[in-house]
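K.L.:
A predicted structure for the sequence below; I have some questions about it.
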Amino acid sequence: MEIEYMLAVIENDGRYSRRLAAAGYAVFPFKNNKSLSDFPFYEYFDLIVNEKSLKISRPESSVITDITEPLSATVGDILTEAINRHRDFSEDVALSYLDNNHNIYRKVLRRYYIEYGNLDKTIMPLFINKDYRSISEYLHKIKGISLNIGALRLYDFIEKLEMRLKKNIVKEEEVRLFLKYHARIIKYCKELGE
């Protein structure tokens, strides 16, 4: 079972990357702090696991804890405490676009889930074929809807990704990270849209 959290791992020998991936986390390996900080979507990682210094941190803050064993349990405990929907969603923003109508909000969430629940099956084939224009058009539609579901960070993520697509400089790990992040959006829409 794959867990929705996305972890950046600064690797030493790749041991923790393999263990976290085996535990079901979406793992994005990096050689060092510089390569991670140069990654254009750095702020969308939930945690940073540094194998070299044996530390766990968040992109927006300093070290949370030292790595302990078992690693996957440690990461799970930190994520349970640290991650919440408020970073990804603002119901108030969505309701401001929808005349403060909670019924409409649930319908919009449900429709979003139905329409975009399999985004990875649409986007990855386009990416493999380097059809960046089609990806941009598809993402632009989602960006337009994102504020109606209160997904401010999704809006920002898409905006950055669109710019990179227009310049033909987008990389596979950026698309993979976006799709992982979007899976979190879909899960939220499914839960609240019912």
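P.N.:
Received the coordinates, thanks.
K.L.:
which residues touch the lengthiest helix in the chain?
P.N.:
Among the segments of the chain that qualify as a helix by DSSP state H, the longest is helix 172-193. Residues outside helix 172-193 that contact it (C-beta atoms under 8 Å, 6 or more residues apart in numbering): 4, 6, 26, 28, 39-41, 44-45, 85, 88-89, 106-113, 116-117, 119-120, 123-124, 127, 149, 151, 153-154, 157-158, 161, 164. Heads up, the C-betas are built off the backbone N, CA and C, glycines and all.
K.L.:
Just the ones of these in helices?
P.N.:
Counted as lying in helices by DSSP H, out of the contacts of helix 172-193, are 106-113, 116, 119-120, 123-124, 127, 153-154, 157-158, 161, 164.
K.L.:
Can you say which of the residues you listed are buried?
P.N.:
Buried members of the ones in helices among the contacts of helix 172-193, scored by 16 or more other C-beta atoms under 10 Å, are 108-109, 112-113, 116, 119-120, 123, 127, 153-154, 157-158, 161, 164.
K.L.:
After the worst-scoring helix or strand of the chain on mean pLDDT, which helix or strand is next?
P.N.:
One helix or strand of the chain scores below all others by mean pLDDT, DSSP states H and E: helix 71-82, with a mean of 74. Going down the chain from helix 71-82, the next helix or strand is helix 91-97, by DSSP states H and E.
K.L.:
got the buried residues for that next one?
P.N.:
93-95.
K.L.:
Can I get the residues you listed in TSV including distance to I10 and pLDDT?
P.N.:
As requested, the buried residues of helix 91-97 are arranged in TSV below (distance: C-beta to C-beta, whole Å; pLDDT from 0 to 100):
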residue	distance to I10	pLDDT
V93	34	89
A94	36	91
L95	40	91
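K.L.:
Reformat these as CSV; add distance to E69.
P.N.:
Below are the buried residues of helix 91-97 laid out as CSV (distance: C-beta to C-beta, whole Å):
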residue, distance to E69
V93, 41
A94, 42
L95, 45
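K.L.:
Next, the distance between the ends of stretch 12-25.
P.N.:
Start and end residues of stretch 12-25 are separated by 18 Å (C-alpha to C-alpha, to the nearest Å).
K.L.:
how far out from the middle of the chain is that stretch?
P.N.:
18 Å (C-alpha atoms, centre = their mean, to the nearest Å).
K.L.:
and if you look at stretch 91-100?
P.N.:
So, by C-alpha atoms, centre = their mean, the centroid of stretch 91-100 is 23 Å from its chain's centroid.
K.L.:
Any stretches of the chain with poor pLDDT?
P.N.:
1-3, 63, 80-87 (pLDDT under 70).
K.L.:
tally of neighbours for V175?
P.N.:
V175 has 20 neighbouring residues, counting by other C-beta atoms under 10 Å.
K.L.:
again with the one 4 residues further on
P.N.:
Summarising burial for L179: neighbours were counted as other C-beta under 10 Å, giving 17.
K.L.:
Okay, buried residues for stretch 11-20 please.
P.N.:
Neighbour counts over stretch 11-20 (16+ other C-beta under 10 Å) mark 11, 16-17, 19-20 as buried.
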